[in-house]
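[1] How does the following fold in three dimensions:
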Amino acid sequence: MMIKNIILLTTLITSNLLFMPISHAIDSGEKIDDILAQKNPPAGIVFEIVTGDANSLEWALPEVQNHIKALRKRFPKLEIAIVTHGSEQFALQTNKNKKYKTVHSLTQQLVKDENVPLHVCGTHASWRNVTEEDFPDYVDVAAAGPATINDYVSLGYILIIIEDT
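    Residues are numbered from 1 along each chain as shown. Sure, this is the predicted structure:
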């Protein structure tokens, strides 16, 4: 029985590693400069924001915006997307637009002016009985945040993880 459990656990860990975009990931602690130093732009950049802090978008979105400005200065037509799928995504609910006014304003600017889609995780939202209708039209509610990230990575986007340090 114990050997079967070890084999099952090993199989699960191995299969999960196959589906993780580790080889393509660059966290925010590593330099955006590496991308900026390239001769040609990558297919795109996807920023992943996932934290346990409801207030994280207050610092994470300005950080992402600064990265976007630098990236677009070097590669003006670079495709960029943002996926947020932790507790911070709930700051983007329509009923939180006064409490998180700066977050909503910055999101609108990124989506509408910078043409950077921002996706939240519908699965995580559903765990809190939050629906797509609970988010404003400038926020895309994806079925699952991690799957959306994997879709971008499969298109050749470089994953940049924004997290607490």
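
[2] so where's this protein shaky on pLDDT?
    Confidence mapping of the chain against pLDDT under 70 gives the ranges 1-31, 165.

[3] Can you show me the helices along it?
    2-19, 33-36, 57-74, 101-108, 122-127, 145-154 (DSSP state H).

[4] could you give the angle of the third one to helix 101-108?
    Right, the one you point to is helix 57-74. Going by axes from the mean of the first three to the mean of the last three CA atoms, to 10 degrees, helix 57-74 is angled at 30 degrees with respect to helix 101-108.

[5] packing partners for helix 57-74?
    With contacts defined as 3 or more CB pairs under 8 Å, 6 or more residues apart in numbering; DSSP states H and E, helix 57-74 has these neighbours: helix 33-36, strand 44-49, strand 80-84, helix 101-108, strand 157-162. Every residue, glycine included, has its C-beta placed from N, CA and C.

[6] what comes up buried for it?
    By neighbour count, with 16 or more other CB atoms under 10 Å as the criterion, the buried positions of helix 57-74 are 57, 60-61, 64-65, 67-68, 71-72.

[7] Could you do the last one as well?
    The neighbour-count criterion (16+ other CB under 10 Å) identifies 145-146, 148-153 as the buried residues of helix 145-154.

[8] Could I have the CA atoms of it written out in CSV?
    Extracted C-alpha coordinates of helix 145-154, given in CSV (Å, rounded to 0.1, in the frame of the first residue of the first chain):
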residue,chain,number,x,y,z
GLY,A,145,-6.1,32.3,-14.3
PRO,A,146,-3.4,29.6,-14.4
ALA,A,147,-4.8,28.1,-17.7
THR,A,148,-4.9,31.6,-19.2
ILE,A,149,-1.2,32.1,-18.3
ASN,A,150,-0.4,28.7,-19.9
ASP,A,151,-2.2,29.8,-23.0
TYR,A,152,-0.1,32.9,-23.3
VAL,A,153,3.1,31.0,-22.6
SER,A,154,2.2,28.4,-25.3
